[in-house]
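Enquirer: mind folding the following:
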Amino acid sequence: MLATAGALFLGEVMGMTPCVLCWYQRIAMFPLVVVLGLGLLEADGRSVRYAMPLAAAGWAIALYHCLVFWGLVTEALVPCGKGGSCADAEVQIVGFVPIPLLSVAAFTMILVLLWVSMKEVKT
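Expert: Take a look at the predicted model:
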């Protein structure tokens with residue numbers, strides 16, 4: 001929920017226009033709030049199965065976005081066209097922490113917690 005709130009804050013309050021890769025990450029992150037929230041309310045272990053592919057896809061996109069930001073992926077492979085640039089220095093918080101890196105960290109934490117909860121449900 002914190003990552004979703006942060007993305008909405010950056011876009012709506014701070015006025016930072018998301019790039020194409022940011023939109024893809026949001027597509028993976030926003031439904032996680034609903035899926036995992038409902039899983040908590042109903043104590044439904046199946047929500048982990050529904051959340052895992054979303055979190056894995058978001059993690060992969062966020063990692064790719066980091067590679068684009070750091071210049072390890074050539075500009076020809078960047079899907080950006082409209083909106084902000086995926087490799088722009090503007091996508092940093094506090095001047096040195098890239099937003100894609102925060103996204104990788106959020107998706108990593110979600111995946112680790114989902115993996116741990118899968119182990120708990122099976123035992």
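Enquirer: after the lowest-mean-pLDDT helix or strand in the chain, next one along is what?
Expert: Here the helix or strand of the chain ranked lowest by mean pLDDT, DSSP states H and E is strand 92-93, holding a mean of 64. Downstream of strand 92-93, the first helix or strand assigned by DSSP states H and E is strand 97-98.
Enquirer: right, and the helix or strand after that following strand?
Expert: Note on strand 97-98: by DSSP H and E, the next helix or strand toward the C-terminus is helix 99-122.
Enquirer: could I get the CA-only coordinates of that next one as PDB?
Expert: Coordinates of each C-alpha in helix 99-122 appear next as PDB, following Å, rounded to 0.1, in the frame of the first residue of the first chain:
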ATOM      1  CA  ILE A  99      12.500   5.800  -8.300                       C
ATOM      2  CA  PRO A 100      13.000   2.500 -10.300                       C
ATOM      3  CA  LEU A 101      15.300   1.300  -7.500                       C
ATOM      4  CA  LEU A 102      12.600   2.000  -5.000                       C
ATOM      5  CA  SER A 103      10.200   0.000  -7.100                       C
ATOM      6  CA  VAL A 104      12.700  -2.900  -7.300                       C
ATOM      7  CA  ALA A 105      13.000  -2.800  -3.500                       C
ATOM      8  CA  ALA A 106       9.200  -2.700  -3.000                       C
ATOM      9  CA  PHE A 107       8.600  -5.600  -5.400                       C
ATOM     10  CA  THR A 108      11.400  -7.600  -3.800                       C
ATOM     11  CA  MET A 109      10.000  -7.100  -0.300                       C
ATOM     12  CA  ILE A 110       6.500  -8.200  -1.600                       C
ATOM     13  CA  LEU A 111       8.000 -11.300  -3.300                       C
ATOM     14  CA  VAL A 112       9.900 -12.300  -0.200                       C
ATOM     15  CA  LEU A 113       6.900 -11.900   2.100                       C
ATOM     16  CA  LEU A 114       4.800 -13.800  -0.400                       C
ATOM     17  CA  TRP A 115       7.300 -16.600  -0.500                       C
ATOM     18  CA  VAL A 116       7.400 -16.700   3.300                       C
ATOM     19  CA  SER A 117       3.700 -16.800   3.500                       C
ATOM     20  CA  MET A 118       3.600 -19.600   1.000                       C
ATOM     21  CA  LYS A 119       5.800 -21.700   3.300                       C
ATOM     22  CA  GLU A 120       3.500 -20.900   6.200                       C
ATOM     23  CA  VAL A 121       0.400 -21.900   4.400                       C
ATOM     24  CA  LYS A 122       1.800 -25.200   3.300                       C
END
